[in-house]
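Participant: Take this sequence and fold it.
(2 chains)
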Amino acid sequence: MINSILRYTIIFIVLILLQVLFFNNIQFSGYVNPYVYIMLILLLPVEISPWILLFISFFTGLTVDFFSGTAGMHAGATVAAGFVRPYILRYISPHDGYEPGATPSMQIYGFRWFLTYTVLIVIVHHLALFYLEVFRFADFFRTLFRVLLSSVFSVTFILLAENYRKGR
Amino acid sequence: MRNLLNFLARYNNLILFLLFEGIALYLVVTGNNYHNSRVIRGVRGITTVIEEKISNTKRYLNLHEINTNLAMENVTLRNSIERIIKKENQLFFSVSDSIRQQQYIYTTGKIVNNSVNKQKNFFTLSKGKKQGVNIDMAVVSPEGVAGIIVGSSDNFSVGMSLLNIDFRLSCRMKSRGYFGSLTWDGKDYRYAVLNEIPQHVTVNVGDTIETTSFSAIFPEGIMVGTVSDFEKTGGDFYKIRILLSTDFKKLNYISIIGNLKKTEQQDLEKMYQ
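Facilitator: As a prediction, this is how the structure comes out:
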């Protein structure tokens, strides 16, 4: 228990640093802003209670907000992602269900499962985030294009990171 | 009561979700407004230390380009000093009037945080009240206009970037003197839109656009950009796309300009309005 809390704290710190120091500074063309810190929400244990998940989501989003100089946008988006996660996990659950104490990982459930899982949650997060940022429905399709393009990059980076994690 | 408890137990996650979203939404609405940029400023106080470290690294990588820019700026300044000295020698003035020669006061500063990819972009500067930087001072880069200070703490200040859909700037065409209002349409960080230039004026691609002193914030004649293309809209005015001369993506060393006679100008104008 203590061990896994420590592990997730380290993941949290690494992801936030990566996001703030590196990914927030990638700005090609204004259309691509990868947000990889959402990976923390992806990696939490399957059986975590929804309300703890929501708390962690809110806290993570707020931390990123602090460092990005935006108030509440990341918090809102991450809470949305945390809220839909249990439903998505139930929707894509493997035939024989999840083992007790399992964490979502590419190694156990395979590449295709993890890809579906990542894409769904990243899309929810990015939709919420980008529309919260623009805060109006003018230029609806331009924002949608930004969402999709950024999602592609976020998903790619998350898969790379997960692959690296698997290799160790 | 029992029903209420059952209800809460059943939908507790939904309620928690809505609560968190409510808080987040509240933060978004109050925190990202132009008038409430103080909230951001408060939050930023915590993280500016780290941002300064990041910006130090970036600055190091950009040194070559910055040196070139500084050298060019030096040449321009030396030229203007030359001109001013010649002009000053021919004038009589009252000895007691110490700010007679000077309307604008310049200080340098550097950007420690900046963005170009939002709809409302702000930047953070490394100088604040203790260094004499206050609200409504102009921020210019060596290439041209950059923004306006909207808030300052002791050692930092936050400026509204020209790349902000709330930003308005009075500009004129250098060649013909017609003035209009410059805004950013939120699409491309290299372009802004100039409105209110009447259609009987001849506009050419490449014409220089510079600031006017109408707002008493910017000195007149500061470069804004050049005409990139223009179209006639339904009214009597052009809609002119301006290629901004400042590259906001590598904004780094800037000058902050205060107008020593701003209150005088504004008070006088107020009397007749």
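Participant: Could you pull up phi and psi at residue B:173?
Facilitator: Main-chain torsions, residue B:173, degrees, to the nearest 10: phi -80, psi 130.
Participant: so who does it touch?
Facilitator: Shown in contact with residue B:173 (Cβ atoms under 8 Å, 6 or more residues apart in numbering or on different chains): B:179, B:197, B:201, B:203, B:207-209. (C-beta placed from N, C-alpha, C; glycine too.)
Participant: just checking, residue B:210 is part of a helix?
Facilitator: No: assessed with DSSP: H, G, I helix; E, B strand; the rest coil, residue B:210 is strand; it does not lie in a helix.
Participant: And it, how far from residue A:3?
Facilitator: Going from residue B:210 to residue A:3 by Cβ to Cβ, to the nearest Å gives 64 Å.
Participant: of the two, who's got more company?
Facilitator: residue B:210 (19 against 7; other Cβ atoms under 10 Å in any protein chain shown).
Participant: Run through the bridge partners of that one.
Facilitator: Residue B:210 has these beta-bridge partners by DSSP bridges: residue B:172, residue B:223.
Participant: Need the pLDDT of it.
Facilitator: Listed pLDDT for residue B:210 reads 92.
Participant: So it sits against residue B:225, correct?
Facilitator: No: using Cβ atoms under 8 Å, residue B:210 makes no contact with residue B:225, being 9.1 Å away.
Participant: quick one on the thing from earlier: among the contacts of residue B:173, pick out the one closest to residue A:46, please.
Facilitator: Residue A:46 lies nearest to residue B:209 out of the contacts of residue B:173, by Cβ to Cβ, at 58.7 Å.
Participant: what number of residues lie near the nearest residue to that closest one once chain neighbours are set aside?
Facilitator: Leaving out its chain neighbours, the residue that sits closest to residue B:209 by Cβ to Cβ, 6 or more residues apart in numbering or on different chains is residue B:224, at 4.6 Å. Residues lying near residue B:224 (other Cβ under 10 Å) number 26.
Participant: Touching, residue B:224 and residue B:244? I think so.
Facilitator: Yes: counting by Cβ under 8 Å, residue B:224 does reach residue B:244; the two are 6.9 Å apart.
Participant: Tell me the residues that contact both of the two, please.
Facilitator: Common neighbours of residue B:224 and residue B:244 (Cβ under 8 Å, 6+ apart) are B:144-145, B:192.
Participant: buried subset of those residues?
Facilitator: Buried subset of the shared contacts of residue B:224 and residue B:244 (neighbour count, 16 or more other Cβ atoms under 10 Å in any protein chain shown): B:144-145, B:192.
Participant: Please flag which of these sit within strands.
Facilitator: Of these, the ones assigned to strands by DSSP state E are B:145, B:192.
Participant: Lovely, talk soon.
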